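[1] Build me a model from this:
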Amino acid sequence: MVAQHVVKEGLRWRVGNGERVLVWEDKWLPLSSTYKVVSLNTFFHAGTYVSELIDSANASWKSMVIDALFLSHEAETIKSIPLSSRFPEDRLIWVILLMASSVGDSSDTSLVRRFWKQVWSLPVPHKTRHFVWRACHEAFPTKVNLARRKVVMDNTGDVCGLKAESANHELWDCTKAQEAWSCSKLVGLSDQSECFSFIDLLWKMIIIDWVEEEKVARMVTISWALWFNRNEIRLGGARKDGKNVKVAGLGVIIRDDRGRVEAAMCKKVLVPLSALEAEAKAFEVGLLLAKYIGIQDVILEGDSLVIYNALCEASLPPSSVASVVLGMMNLCREFRRIEFSHVKRQDNRPAYLLAKYAIGINDFLVWMEENPYFLEQALSHDVLAYSFSE
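    All right, here's what the predicted structure looks like:
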C-alpha cells in the first residue's frame, strides 16, 4: 500500500490534446514543486479542461486567455509547453520522488560519486560540462580570485558594477543574471538564498530535489551563457539582455537528392523554447512542410541526437518533447518512405542560419525553388562538400 501511494503521488499529466486534464484539479505543469496550478480560478468553471486553453487550428496556446487567467510565472510555463500539431492523447507519467530513506541509506562518498556521474553525463556539450567542473571548484579568473592573488586591486564586477565579482555573483546574485533566470523556464530557481555557491545549487538540484536531467542541463547551459557573455563584455562586447529570450526561431530546408534547394522555411515562435524543444518543433515543421508540398520519400535530418534516437525508437524522449515526438511518429506514417539521419551542428549550418533569421521576422517565411539570399555562401559550401563526398 505504501508503494502504491508513492507511485500515485509521483504521477503527473503530460499534455497532448488536453482533453483529459483538468486545469485546476490535476497535476500537469512542469514545475517540480506541486505540478498543479496555484492561480485562483476567477472566470472558468472548476471542470475546465486544458484543451480549452489550446488553439487547435494553429496548434498553439491561447496566449491572451492564459495571460489573463494565470499568474505570470505559470502563464509563461504553460505557453512554453510544446504542442504537437497531431495532438496525441494526454498521458500520465511518473516523476521520480526523493524518498528520505534513500538519503539515509547512502554514504557521503556514494552521493559525491553519483553527483559527479550525473554531471558528466548531462546532455550538454563537453565545453559546458568542463565549465560546470570549473564553476563547482571556483576555478574562474573572477576579480575576487584575482584580487586575492594581488593581480587586480578592484574586485567590483564589470557586468553590474555594484558588488564583488565572484562566480556565484556573476552566475546568480547579479541583477543582470537574475534577468536571465527570471525569463527562463526554470521556475522556482529565482530564490535560492540557502545556496552560497554554484556547487551548492547544483547539489541541491541533483541530490536533494532530484530535478529532471533536462532541467539541470538547461540550468548549466544558461550559466555557461552568462559566463560567456561576461567574457564578451570584458573584451568590449555588448551585454545581452536576458529579457530577449522569450522567442525561438525554427529553420527548415528541403533538398533533392543532388543537394539542390526545393523549399526553405523559417518560423518565429513566441515562447521561450529550450534548445531541445526548438529542435523537436523544427523536425515537426519540416515534416509538415514536406507533406504540404507533396514529397513522399523523406530523409529527416537534424543535429539533435536526443530527438534522432527518440524517432529511431532507440531511447525514450524527455518528457518535455515526448508529445511532439509522438505526434511526429504518427505523421511519419503518412509518407511512403522515411529515414532519419543525425548530423553534426557544423553540417547543419543552413538550418541554423534560417532559425537565427526567424527571430527578426513577424511570423514565418517560405521560399519555394529559390535560395534565401542570406544562405548563398552556406549552401555553396554544402554543395561542394556533397560533391566531394560522392
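[2] Show me what counts as buried in the longest helix anywhere in the chain.
    In the chain, taking DSSP state H as the definition, the longest helix is helix 213-234. Across helix 213-234, burial judged by 16 or more other C-beta atoms under 10 Å covers 214-227, 229-230. Where you see a C-beta, it was placed from the backbone N, CA and C, and this is true even at glycine.
[3] What's the mean pLDDT across it?
    Helix 213-234 carries an average pLDDT of 83.
[4] Output the contacting helices and strands for that helix.
    helix 126-136, helix 175-183, helix 198-203 (3 or more C-beta pairs under 8 Å, 6 or more residues apart in numbering; DSSP states H and E).
[5] Out of the ones you listed, which is closest to residue 291?
    Proximity to residue 291 (C-beta to C-beta) singles out helix 175-183 among the helices and strands packed on helix 213-234, at 34.1 Å.
[6] I'd like to check the angle between the closest one and helix 213-234, please.
    If you take axes from the mean of the first three to the mean of the last three C-alpha atoms, to 10 degrees, helix 175-183 sits at 150 degrees to helix 213-234.
[7] Return the helix or strand in this protein with minimum mean pLDDT.
    One helix or strand of the chain scores below all others by mean pLDDT, DSSP states H and E: helix 100-104, with a mean of 38.
[8] Summarise which helices and strands the helix or strand following that one is packed against.
    Next helix or strand after helix 100-104 toward the C-terminus (DSSP states H and E): helix 108-120. Contacts defined by 3+ C-beta pairs under 8 Å, 6+ apart place helix 108-120 against helix 126-136, helix 198-203.
[9] and residue 299, how many neighbours?
    Counted with other C-beta atoms under 10 Å, the neighbours of residue 299 add up to 11.
[10] show me what contacts the nearest residue to residue 127 once chain neighbours are set aside?
    Using C-beta to C-beta, 6 or more residues apart in numbering and skipping residues adjacent in sequence, the residue nearest residue 127 is residue 224, 7.6 Å away. By C-beta atoms under 8 Å, 6 or more residues apart in numbering, the residues touching residue 224 are 124, 127-128, 131-132.
[11] before we move on, what about residue 304?
    With contact taken as C-beta under 8 Å, 6+ apart, residue 304 is in contact with 275-276, 279-280, 283, 342.
[12] quick one, phi/psi of it?
    Note on residue 304: backbone dihedrals following degrees, to the nearest 10 are phi -100, psi 110.
[13] next one: residue 309
    As for residue 309, its main-chain torsions (degrees, to the nearest 10) stand at phi -60, psi -40.
[14] The residue nearest the centre of the chain: what's its closest spatial neighbour, skipping adjacent residues?
    Of all residues in the chain, the one closest to the mean position by C-alpha atoms, centre = their mean is residue 274, 1.9 Å from it. Among residues not flanking residue 274 along the chain, residue 218 sits closest, at 5.5 Å (C-beta to C-beta, 6+ apart).
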